[in-house]
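Trainee: Sequence and computational prediction follow.
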Amino acid sequence: MSTVKEYSSDDVVIAWGPHIISGKGAGDFVKVSMADDRIKSVQGADGEIGLSVQRHMPLATCEVTLLQTSSWNAVLSAEMEKARVGLGGIMPMTIKDLRGATFYLFDKAWLKKSPDGTFGKEVKERTWTFEGPCQQVEGGN
């Protein structure tokens, strides 16, 4: 018997500290990338293989894309300025698909880069880049 699984972008939650970020972009609105391989391999001249395993939580970047009309752009701009002057800006971050078991948990995340600004005839998007140590679980849907 075949199974049917559902996905809805409305059920992907982006939480930073106590805030739920809204105003998601029209296309891909969140992207998490691990900064390094969790396991690195080296093969010797005689074929023996050695593995280096990172036991610590790896750094990752999280790109959150919002519509330029999202009020969250102003909130994140203010948080970026607070961090610049040393007044915080480091909070836990969670990306979670509520219909599945996939999640990304940053125990500490900070804004790394503000978005590039573009303007045109139609509404554009703004991509904010966060960084921090991340636990990744690809649990499917």
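Mentor: Nice, thanks for sending it over. Just so it is clear, the model here is predicted, and its values are computed rather than measured.
Trainee: Residue 95 against residue 31, yeah?
Mentor: No. Assessed by Cβ atoms under 8 Å, residue 95 is found out of contact with residue 31, at 9.7 Å. Where you see a C-beta, it was placed from the backbone N, CA and C, and this is true even at glycine.
Trainee: Looking at those two, which is more packed in?
Mentor: Legend: neighbour count by other Cβ atoms under 10 Å for residue 95 and residue 31, higher for residue 95 (23 against 13).
Trainee: Run through the bridge partners of the more buried one.
Mentor: Beta bridges link residue 95 to residue 14, residue 104 when assigned by DSSP bridges.
Trainee: Name the residue closest to the centre of the chain, please.
Mentor: The chain has residue 62 as the residue nearest its centroid, 2.5 Å off, counting by Cα atoms, centre = their mean.
Trainee: List the contacts of that residue.
Mentor: 30-33, 93, 95, 104, 106, 109, 129-132, 134 (Cβ atoms under 8 Å, 6 or more residues apart in numbering).
Trainee: Can you tell me which of the residues you listed end up in strands?
Mentor: 30-33, 93, 95, 104, 106, 109, 129-132, 134 (DSSP state E).
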